[in-house]
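Visitor: When you get a sec, could you give me coordinates for this:
(2 chains, ligands or ions: 2)
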There are 2 protein chains.
Amino acid sequence: MEEDYSRWYLDIVKKADLMDYGPVKGTMIIKPYGYAIWENIQKDLDRRFKETGHENAYFPLLIPESYLQKEMNHVEGFAPEVAWVTQGGNEQLEERLVVRPTSETIICSMMSQWIQSYRDLPMKLNQWANVMRWEKSTKPFLRTSEFLWQEGHTAHATFEEAEEEALTMLDVYKSFVEEVLAMPVIKGRKTENEKFAGAVHTYSIEALMSDGKALQAGTSHHLGQNFSKVFEIQYSDKDNKLQYVHQTSWGVSTRLIGGLIMTHSDDRGLALPPKVAPIQVVIIPILRKDKEEVKNKAHQIKDQLSQLGIRVKVDDREEMTPGWKFNEYEMRGVPIRIELGPKDIEKEQFVLARRDTGEKEFLSLADLTKIIPAKLDEIQQNMFNKAEQFLKTHTFEANSIDEMKEQLLKEKGFIKSWWCGDITCLDKVKEETGATARNIPFDQREGQGKCICCGKESTTTVIFARAY
Amino acid sequence: MEEDYSRWYLDIVKKADLMDYGPVKGTMIIKPYGYAIWENIQKDLDRRFKETGHENAYFPLLIPESYLQKEMNHVEGFAPEVAWVTQGGNEQLEERLVVRPTSETIICSMMSQWIQSYRDLPMKLNQWANVMRWEKSTKPFLRTSEFLWQEGHTAHATFEEAEEEALTMLDVYKSFVEEVLAMPVIKGRKTENEKFAGAVHTYSIEALMSDGKALQAGTSHHLGQNFSKVFEIQYSDKDNKLQYVHQTSWGVSTRLIGGLIMTHSDDRGLALPPKVAPIQVVIIPILRKDKEEVKNKAHQIKDQLSQLGIRVKVDDREEMTPGWKFNEYEMRGVPIRIELGPKDIEKEQFVLARRDTGEKEFLSLADLTKIIPAKLDEIQQNMFNKAEQFLKTHTFEANSIDEMKEQLLKEKGFIKSWWCGDITCLDKVKEETGATARNIPFDQREGQGKCICCGKESTTTVIFARAY
Ligand SMILES: [Zn+2]
Ligand SMILES: [Zn+2]
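Guide: Numbers count the residues shown, from 1 in each chain, chains lettered A, B, ... in the order given. Ligands and ions are numbered 1, 2, ... in the order given. The predicted structure follows:
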């Protein structure tokens, strides 16, 4: 079952031509169709970051080993899984350099030079970059040794401001993932054992894949003064006293593309929400007779839709049959297919086929520019609703480890349980069920109940799941 | 003199807050203001690449040593200046990995898997990425061990198509650099000794900096079948015969920002052409009386201009004087400054100060939305004209090495000379004058003359210059 799903996933990423495997273990090439999805993600997120007052910058790829060593939790968290540069040109380097697994240490070292006064705060930076983690077991988009991401890094005068920033960015992620990727998520705080190495606490949004396993779709960390104390990022406040800044960092990555695939795809292949689809509408002229006329009409429709800002493509190749093309663009997840033959043109109509529902209908060409934008919105909304429905019907409750085991055998999903606050209870759940605490959802149940593991009366709800 | 210029340059990049130095020798941080310039460059170029039929993709950062070894000229060209990853996690790697200095080898190895038939051609890819060259001597933007760039990689069925592609992309670069960065350039072909390691030939655009030294602003390589033969990139043609593809690669980098600075800046600091300026218009309210009214009016003007798509900022901080701000935004190269005081509002006027000419004039607020776009166009054009005038008056002719030496002592610039075609003549010119052959310009002089070095009758013109 799990193997089937994995094979289905790998099949889709290859057949939809999203990626290929690189020569170094665990690396991948993001092919044009996959990269176009990432570009759409970037563009939309980047706008949201700028609207919330962030500026982009670029920090070096290579970080001296001594920087990584400074924050103890951080180095323990990352040292086992980094790539090391030890030679430059023909020389052996005196100090090893880390290929960044994340950029807290180098950005903090620079912030300590840039920040002097309260007037320099808040400092709100973001970086689009490649990062590398030397992973043992990898899977396209979900876990690769190199991946693309954005990492936000901010510094603030007070704990409260940093907390507000961390939560604001979690909201930005939630809105983006739900509105654009049509993936419903659960916001919450990570438990201590699952938080980022070096953070005071970590917030996350957790999505549910169609196999009932969870995917952490984005994280936002309140770093407190952990990094500012070791990197000496101090500012003089209005009373001229030196204070350490409070920091956050937050990121999402090409992993989102993996989440997108596992949320919406089906046995016919990929299905993309319109807002992130590289091709929103594909026009397939049926070329039997009057070929030139039909092709011309197809391109005319394309121009009409392009002018509305819709991403549209005509496939008028004659060496492939319409049937082959229908299959091809379904597999690639194109939200709307327009079919257009000589008879349709006669009747001033076209066929619209929806990728999400499989519905086909005849519509009037005269209404084209009204219909298509409305349909795209409808598809976007429908895909979100479907995923939300799935999440709701796959969120279960369990009051004991046995109940959880039973549920996971029957059907996987999110499992809400009471928890006493003791990490060893989480460890035991994980050991016995393979499920981990995804987060402590902001949306808590009222009342109280028995800890899923030790049975102690508890007031905290945790969402458990097996996870990617 | 040269030292003064270098100090002036370093002063500008720091004072305009474009960058800072990284901890690893030769690395830099691109700070938000510098990165915003790069974003504008990217956005415009990316549109041009897509319009000419290219798709973006992403290839891995780390390349196995054996890949680099395959093309002999290529490995000789790059091996001395690469960074090596030798350890992953706690393990010593069996094969060293190169941090990409450029991606020909890995892209070719993938193309050999992706290309089977003439139907797969042309394949026209581009990648936005970071690359690394272990440089001995570095300078912000102009030469850094890590830099950001784009690299185009294409494969074609015939030599002619590849040649056309290489020339098309050179034209794209020229149009972009002249229209957006306002830097006039000379198009031409690199001499054999200056071409890319592994190319059949290299085309370049060469710009002239305000100190009379040249800057290679972009290169486009016709790789021929050099890479396709070693990486076995073959396609079956229409007659079902196997053929090697013909390839190109082409790139521009963050180096363009260095060129931008050295083309337009002056003793008052940076000067940015409007099309690439992160802030096109800065509004400075003069806050003496009626502060709130003046601030409101400033923000109202901002909104008016923003709606036209103009990048505009209001600086209404009260802790800085207007004079301090004038100086600040001049130093940062903002093309237009609008000053607005209570008296101006009374008279329904504003002051417009141009960064390029230093001119100040009173203009009617009623005409604001007409005046500003027109002025921005005028400034863009004027900056190009000024730079073009400089290039023309700093393009000299020399008929002997002595004449060249004399000219370089008097005033540096491009030096046009006849050349016999013998590389040893170029070597000698370089040795004696420090000037290198920048390129063989497409715009050749008619007739013939004596080779600048050996005196042989020659029909080829070469542009020499000392270069960055
Ligand atoms: Zn417990
Ligand atoms: Zn000669």
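Visitor: Check which helix or strand the residue most central in space within chain A maps to.
Guide: Residue closest to the average C-alpha location in chain A (CA atoms, centre = their mean): A:Leu256, at 2.5 Å. A:Leu256 is part of helix A:255-264 when elements are defined by DSSP states H and E.
Visitor: Beyond that helix, next helix or strand please.
Guide: Tracing the chain past helix A:255-264, the next element assigned as helix or strand by DSSP H and E is strand A:281-285.
Visitor: What is that following strand packed up against?
Guide: Applying 3 or more CB pairs under 8 Å, 6 or more residues apart in numbering or on different chains; DSSP states H and E, one finds that strand A:281-285 contacts helix A:291-307, strand A:312-314, helix A:322-331, strand A:336-340. Glycine gets a C-beta too; all of them are placed from N, C-alpha and C.
Visitor: State the phi and psi torsions of the residue of the stretch 51-200 of chain A at minimum distance from ligand 1.
Guide: Of all residues in the stretch 51-200 of chain A, the one sitting closest to ligand 1 is A:Thr191 (11.9 Å; CB to the ion). Per-residue torsions, A:Thr191: phi -70, psi 160 (degrees, to the nearest 10).
Visitor: how close does the residue of the stretch 101-250 of chain A found nearest chain B sit to B:Leu62?
Guide: Residue nearest to chain B within the stretch 101-250 of chain A: A:Trp134 (4.3 Å; CB to the nearest CB). Using CB to CB, to the nearest Å, A:Trp134 is found at 11 Å from B:Leu62.
Visitor: Mutual contacts of those two, please.
Guide: A:Ala83 (CB atoms under 8 Å, 6 or more residues apart in numbering or on different chains).
Visitor: now A:Glu431: how far from A:Arg438?
Guide: 17 Å.
Visitor: Ok, A:Gln42 next?
Guide: Distance, A:Gln42 to A:Arg438, using CB to CB: 26 Å.
Visitor: Model confidence for A:Arg445, exactly?
Guide: pLDDT recorded at A:Arg445 is 88.
Visitor: Touching, it and A:Ser417? I think so.
Guide: No: applying CB atoms under 8 Å, one finds A:Arg445 not in contact with A:Ser417, separated by 9.9 Å.
Visitor: shared neighbours, the two?
Guide: Counting by CB under 8 Å, 6+ apart, the common neighbours of A:Arg445 and A:Ser417 are A:Thr461.
Visitor: Please identify which of these two sits among more neighbours.
Guide: Using other CB atoms under 10 Å in any protein chain shown as the criterion, A:Arg445 and A:Ser417 rank with A:Ser417 on top: 28 against 14.
Visitor: Sheet-wise, list the partners of the helix or strand where the more buried one lies with their directions.
Guide: Here A:Ser417, judged by DSSP H and E, is contained in strand A:414-419. Under the criterion DSSP bridges, strand A:414-419 sits next to strand A:395-397 (parallel), strand A:460-465 (antiparallel) in its sheet.
Visitor: Could you give me the buried positions within the first one?
Guide: Pointing back at strand A:395-397 there. Residues A:396-397 are the ones in strand A:395-397 that count as buried (16 or more other CB atoms under 10 Å in any protein chain shown).
Visitor: Can you check which helix is longest in chain A?
Guide: Longest helix in chain A, counting residues (DSSP state H): helix A:368-393.
Visitor: Number of residues surrounding A:Ser175?
Guide: Going by other CB under 10 Å, the residues that sit close to A:Ser175 add up to 11.
Visitor: So the closest residue to it other than its chain neighbours: helix, strand or coil?
Guide: Spatially, and ignoring its direct neighbours in sequence, A:Ser175 is nearest to A:Arg48 (7.5 Å; CB to CB, 6 or more residues apart in numbering or on different chains). With DSSP: H, G, I helix; E, B strand; the rest coil as the basis, A:Arg48 sits in helix.
Visitor: okay if I get the strands paired with strand A:414-419 as a markdown table plus distance to A:Phe231 and mean pLDDT?
Guide: Below are those laid out as a markdown table (distance: least, CB to CB, whole Å; pLDDT from 0 to 100):
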| stretch | distance to A:Phe231 | mean pLDDT |
| --- | --- | --- |
| strand A:395-397 | 41 | 98 |
| strand A:460-465 | 33 | 98 |
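Visitor: count of neighbours near the residue of the stretch 101-250 of chain A found nearest ligand 2?
Guide: Shortest the stretch 101-250 of chain A-to-ligand 2 distance, computed as CB to the ion: residue-wise this is A:Asn130, at 46.6 Å. Using other CB under 10 Å, A:Asn130 has 18 neighbouring residues.
Visitor: That one and B:Thr263, how far apart?
Guide: Per CB to CB, A:Asn130 is found 31 Å from B:Thr263.
Visitor: related to what we said a few turns ago, check contacts around the residue nearest to A:Ser175.
Guide: Here A:Arg48 is in contact with A:172, A:175-176 (CB under 8 Å, 6+ apart).
Visitor: What are the boundaries of the helices in the stretch 101-250 of chain A?
Guide: Here the stretch 101-250 of chain A has its helices, by DSSP state H, counting those that start in this stretch, at A:104-114, A:159-179, A:226-230.
Visitor: which helices and strands does the shortest one pack with?
Guide: Meaning helix A:226-230. If you count contacts as 3+ CB pairs under 8 Å, 6+ apart, helix A:226-230 packs onto helix A:104-114, strand A:246-253.
Visitor: For the ones you listed, give me a markdown table that also has mean pLDDT and distance to A:Tyr21.
Guide: Output for the helices and strands packed on helix A:226-230, formatted as a markdown table (pLDDT from 0 to 100; distance: least, CB to CB, whole Å):
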| stretch | mean pLDDT | distance to A:Tyr21 |
| --- | --- | --- |
| helix A:104-114 | 97 | 30 |
| strand A:246-253 | 98 | 18 |
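Visitor: among the helices and strands of chain A, which one scores worst on average pLDDT?
Guide: helix A:72-78 (a mean of 78; mean pLDDT, DSSP states H and E).
Visitor: Can you point out the buried residues in that helix?
Guide: Quick answer for helix A:72-78 (16+ other CB under 10 Å): A:74-75, A:77-78.
Visitor: And A:Ile37, how far from ligand 2?
Guide: With distances taken as CB to the ion, to the nearest Å, A:Ile37 is found 55 Å from ligand 2.
Visitor: Which strand or helix spans that residue?
Guide: If you go by DSSP H and E, A:Ile37 is part of helix A:32-51.
Visitor: Give me the contacts around whichever strand or helix holds A:Ile29.
Guide: Using DSSP H and E, A:Ile29 falls within strand A:28-30. The contact list for strand A:28-30, computed with CB under 8 Å, 6+ apart, reads A:18-22, A:38, A:140-141, A:144, A:148, A:254, B:57-60, B:110.
Visitor: Show only the entries of those found in strands.
Guide: Assigned to strands by DSSP state E, the following of the contacts of strand A:28-30 qualify: A:19-21, A:148.
Visitor: Would stretch A:430-446 count as contacting ligand 1?
Guide: No: using CB under 5 Å from the ion, stretch A:430-446 stays clear of ligand 1, with a minimum separation of 11.6 Å.
Visitor: can you give me the end-to-end distance of that stretch?
Guide: 25 Å (CA to CA, to the nearest Å).
Visitor: in it, what counts as buried?
Guide: Buried residues in stretch A:430-446, counted by 16+ other CB under 10 Å: A:433-441.
Visitor: what do you get for stretch A:411-424?
Guide: A:412-420.
Visitor: measure it end to end?
Guide: Chord length of stretch A:411-424, first to last residue, is 26 Å (CA to CA).
Visitor: from the middle of its chain, how far away would stretch A:266-278 be?
Guide: 15 Å (CA atoms, centre = their mean, to the nearest Å).
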